[in-house]
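> Could you work out the structure for the sequence below:
(2 chains)
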Amino acid sequence: MREIGLDDLVDIATGAAILGTGGGGDPYIGRLMARAALRETGPVKLTPLAELPDDAVVLPVASMGAPTVMVEKLPAADELSNAVEALCGYLGRRPTHLACAEAGGVNSLIPVAAAARTGLPLIDADGMGRAFPELQMFVPGLYGVKASPMAMSDDKGNRAVIHTVDNHWTERLARAATVEMGGSSTTALYAMTGKQAREFMVPGTLSLCAELGALVERHRATGDTAEAVAGRLGGRVLFTGKILDVERRTVGGFARGTAKLTDGSAELRLSFQNEHLLAELDGVPVATTPDLICVLDQQTGFPVTTEATRYGQRVTVLVAPCDPRWHTPEGLALVGPRYFGYDLDPVAI
Amino acid sequence: MRIGIDVGGTNTDAVLMDGDRVVAAVKRGTTRDVTGGIVAALEGLRDQLLQRPPATGSARAANGADGEGATLGDVNAVMIGTTHFINALVEADRLAPTAAVRLGLPATSALPPFVDWPDALVEAVSGRGYLCHGGHEFDGRLISEPDPDELRRTADDIRARGIRSVAVSSVFSPVNIEFEERAAEILAAELPGVPISLSHEIGRIGLLERENATIVNAALRELATGIVDGLSGAMAGLGITAPLYLSQNDGTLMGLEFARRYPVATFASGPTNSMRGAAALSGIGTCAVVDIGGTTSDIGILSGGFPREATTEVTVAGIRTNFRMPDVLSIGIGGGSRIHPDHRVGPDSVGYRLPEQALVFGGSTLTATDIAVAAGRAEIGDPSLVAHLDRGMVQAVLDRIADEVAEAVERMRTSPEPLPVVAVGGGSILLPDELPGCGTLHRPGNHSVANAIGAAIAQIGGEVDRIYTVAPDRRETVLDEARQEAVDRAIAGGAQPGSVRIVEFDEIPVPYLPGDATRIRVKAVGDLAIKELSTKGAGHA
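Alright, predicted model coming up:
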């Protein structure tokens, strides 16, 4: 894929929801913003990671905040470009390319709108290869790329640039500023060189999203979507069954919960915090974060978000390997099972 | 006595009820103008009353005031569930030119009003969006102050363009209604006679969806006045002087004044009426209801006699909305469903052409109705025309229907707890007495007019749905205030004060937001305060 046009948005949204592993937020608003932008500007250029020159200036952009707010207080038209400009002003240089911070949910499409609005190409990559809830969870961060300086913008034209001692502090301060900005903000962060992006970003993920979305569409009638998606991701179908029980609670500002599935004999238990994080088959852990645990509706083949998971749904659960760099000790410290409060080692899938 | 009428896609059903008892019931074809079918159904009821044999003295004594010798003039209330308004939207017909005024600048400018509407509908309502200052944050802070001059300029443009209805939305108006009301005052002063619909009265959190529902409502308001006047006139023509109510999506009633203001609230009254009628007929208030019609089976869940509402967006005529709608799953199985060679049932249907196309009527299409007749479950048409059907095939198709309906019920349930299943509608003959995994199927008498009965028993409701900031020591006070407000709203809507009770109560902490933000949702309902016969006519022309 060399560019993203209007016809690609639905597939990218579907694919991003698969890589979102149940989280990442409803991509609807992101899709509308990308569509509105592309209608005005035409397609956005997509640069393969391998073609990035060493001295390119790459800038990931993302929305931050509560989904409940994002669906009510929609962003201002210039909010995206404001965040980019604020960071440029601070850095004293202009980006040559924009990027997705995560490939999942709303944040896979916001950068498409930002690229259209700023006239910059987008790189075909993201910083996670999936979706995670906190901004220090970023592959290039493992190799010393700093989230800071980070720029934020809000609907009113406020801009903030924060300079922090490490990526965890960026998350903390940005979260607090986001609340003051009315619960949602637009961010530009993790500025990096083309060389860094080539080495550390997760390659090809926007193309992958589009491809996965097209797979779902193509296999809808035949019902073997899950096999096709698992095959493309180098994973496997783990379980097919009916959801027997869903339990949810809000802990520390995050929606956590579990879903129990049965196929008549065996029982699969999924634990989630926005995203699916742990799968246990008859009590034995069989897949864990940071690997991908994706839930697809058996009938439609479409991904099911953790919020929409309900008793009685017929679903197929597939597992797929994450970017291998998440399995390093540093990666697991950021996004392994223990970080999310599960006292176990990651399981090889 | 009261009359309940439900207008469906194919049939208009009407019942005359005396208390809980069905005195008369009729089905008439739905007409394109809707009102014609309603009048025909009312005439049908009148004819049934006239044709009743004179009651003997003992029967009269035994039955008491059961409607013997009654006329339509003795009716105390008429409740109608209508498809007038949803039809008008789906057909993009008779919609008023409408403006959407949104208060939210500088926020929200990335996605203006009408952003995700089908082009044909934007055109049909001559849709024009205006972005103005105003709006609140999630916690009640201001985004910006509304600007009266900006609103007056907006009104000038609306007037100049000949737009005849206005929808006002403001960011987080479910949290704070002040700006929508202030804007409405200014716009009303500038645009006398132009109806103004406010989003906080129509939808919930989710700006685009709430705004869309409000625009749809606004576009239907001219039509609502016409329809309401037409129905009132038709009633008067039949000698009915009783007050007229329309039934709403949630199973409660609205008076005519309310119907003129909120036509969108009638959109999903059909499935709701079926479900509530099923509960009344079976005496089971918490159950799954399967309503099988000609083309689809609609499955919903009742809790305490009221339908569970959809929590996500509902798309109507290609427009995403979020107003109160029952959570209904429709599958393509009905009496008119075509049977395919591999025993698949539907989703295609012969629909209203069943009387020509089904085998039992001499047609050439194998339909679900033919299967039911072949299996001896129903006597429709000429059974000899399906006698040749292979027994094994007939059973396989029936099993398939039962399995698919059972699976749909399964998908609607929220827990593995046993849940009784009640089947209503003409197509319920397709189901066996035992539904796989669901136990005995309840199929109450009069099930084919359950929807009209649901309309006749509808009550008056009041609702509060808002995000509150709840300080720890204030929780009980806040909850009490919310409950009282819901009760007051029901009474203001016409409920008998002593009969109002809380039927739904939700307290949901809103994740990712500080300050103990909590969404509180309370629904109160009570019996309609009906004027007794002795006061008949008072206040009515």
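> longest helix anywhere in chain B?
helix B:391-412 (DSSP state H).
> What helices and strands are in contact with that one?
Identification of packing neighbours for helix B:391-412 by 3 or more C-beta pairs under 8 Å, 6 or more residues apart in numbering or on different chains; DSSP states H and E yields strand B:287-292, strand B:297-303, strand B:328-331, strand B:345-349, helix B:368-374, strand B:434-435. Where you see a C-beta, it was placed from the backbone N, CA and C, and this is true even at glycine.
> Report the angle between it and strand B:345-349.
80 degrees (axes from the mean of the first three to the mean of the last three C-alpha atoms, to 10 degrees).
> Give the buried residues for helix B:391-412.
Neighbour-count burial for helix B:391-412 flags B:394, B:397-398, B:400-402, B:404-412 (criterion: 16 or more other C-beta atoms under 10 Å in any protein chain shown).
> Could you tell me which residues make contact with A:Arg175?
A:Met64 (C-beta atoms under 8 Å, 6 or more residues apart in numbering or on different chains).
> what residue is smack in the middle of chain B?
The residue lying closest to the centre of chain B (C-alpha atoms, centre = their mean) is B:Ser269, at 1.6 Å.
> Tell me which stretches of the stretch 101-250 of chain A form strands.
A:122-126, A:150-153, A:159-162, A:184-188, A:192-193, A:202-203, A:236-251 (DSSP state E, counting those that start in this stretch).
> Helix B:391-412 and the last one, what's the angle between them?
For strand A:236-251 against helix B:391-412, the angle by the same axes, to 10 degrees is 40 degrees.
> I'd like the average pLDDT over strand A:236-251.
The average pLDDT within strand A:236-251 is 85.
> Tell me which strands that strand pairs with, and in which orientation.
strand A:254-262 (antiparallel), strand A:314-320 (antiparallel) (DSSP bridges).
> Which SSE is immediately downstream of the first one?
Beyond strand A:254-262 on the C-terminal side, the first helix or strand identified by DSSP states H and E is strand A:267-273.
> and whichever helix or strand comes after that following strand, anywhere near chain B?
Next in sequence after strand A:267-273, counting helices and strands by DSSP H and E, comes strand A:275-281. No - Strand A:275-281 stays clear of chain B (C-beta under 8 Å from any C-beta of the partner chain), getting no nearer than 14.3 Å.
> In terms of helices and strands, where is the residue in the stretch 251-400 of chain B positioned nearest to chain A?
Across the stretch 251-400 of chain B, no residue is closer to chain A than B:Thr312, which sits at 7.2 Å (C-beta to the nearest C-beta). For B:Thr312, there is no host helix or strand (DSSP H and E).
> how close does B:Glu137 sit to B:Asn322?
20 Å (C-beta to C-beta, to the nearest Å).
> same question, A:Arg93
In terms of C-beta to C-beta, A:Arg93 sits 44 Å off from B:Asn322.
> ok, the two, which is more surrounded?
B:Asn322 (23 against 11; other C-beta atoms under 10 Å in any protein chain shown).
> got the contact list for B:Leu45?
Applying C-beta under 8 Å, 6+ apart, the residues near B:Leu45 are B:3, B:14-16, B:24, B:26, B:72.
> What count of nearby residues applies to B:Pro112?
By other C-beta under 10 Å, neighbour count at B:Pro112 equals 16.
> cool, B:Pro326 as well?
26.
> got a list of what residue 95 touches?
The chain I'm using is chain A. A:Pro95 touches A:57-59, A:84, A:87-88, A:120, A:191, counting by C-beta under 8 Å, 6+ apart.
> you looked at the wrong chain, it should be chain B
B:Leu95 neighbours (C-beta under 8 Å, 6+ apart): B:88-89, B:121, B:124-125, B:219-220, B:223.
> Distance of the closest residue to it other than its chain neighbours relative to B:Ala268?
Leaving out its chain neighbours, the residue that sits closest to B:Leu95 by C-beta to C-beta, 6 or more residues apart in numbering or on different chains is B:Ala219, at 4.3 Å. Using C-beta to C-beta, one gets 18 Å for the distance from B:Ala219 to B:Ala268.
> Which of these two has more residues huddled nearby?
Ranked by neighbour count (other C-beta under 10 Å), B:Ala219 and B:Ala268 place B:Ala219 first, with 30 against 26.
> If we look just around chain A, which residues of the stretch 351-500 of chain B are in range?
B:407, B:410-416.
> Kindly reformat those as a markdown table containing pLDDT and distance to B:Arg377.
Shown next, in a markdown table, are these (pLDDT from 0 to 100; distance: C-beta to C-beta, whole Å):
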| residue | pLDDT | distance to B:Arg377 |
| --- | --- | --- |
| B:Glu407 | 87 | 21 |
| B:Glu410 | 84 | 23 |
| B:Arg411 | 81 | 25 |
| B:Met412 | 85 | 24 |
| B:Arg413 | 82 | 26 |
| B:Thr414 | 75 | 31 |
| B:Ser415 | 76 | 31 |
| B:Pro416 | 75 | 30 |
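> quick one: the nearest residue to A:Glu199 once chain neighbours are set aside from chain B, how far?
Distances taken as C-beta to C-beta, 6+ apart put A:Tyr143 closest to A:Glu199, at 7.2 Å, once the chain neighbours are dropped. Distance, A:Tyr143 to chain B, using C-beta to the nearest C-beta, to the nearest Å: 30 Å.
> which residues touch A:Tyr143?
A:Tyr143 neighbours (C-beta under 8 Å, 6+ apart): A:196, A:199-200.
> Can I get the buried part of these as one PyMOL selection?
Applying 16+ other C-beta under 10 Å to the contacts of A:Tyr143, the buried members can be selected in PyMOL as follows:
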select buried, chain A and resi 196+200
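> quick one: B:Thr82 from A:Arg94, how far?
Taking C-beta to C-beta, one finds B:Thr82 at 60 Å from A:Arg94.
> before we move on, what about A:Glu51?
Distance from A:Glu51 to A:Arg94, by C-beta to C-beta: 19 Å.
> do B:Arg475 as well
52 Å.
> and what of B:Glu190?
For B:Glu190, the distance to A:Arg94 - C-beta to C-beta - is 46 Å.
> Ok, B:Ile163 next?
In terms of C-beta to C-beta, B:Ile163 sits 44 Å off from A:Arg94.
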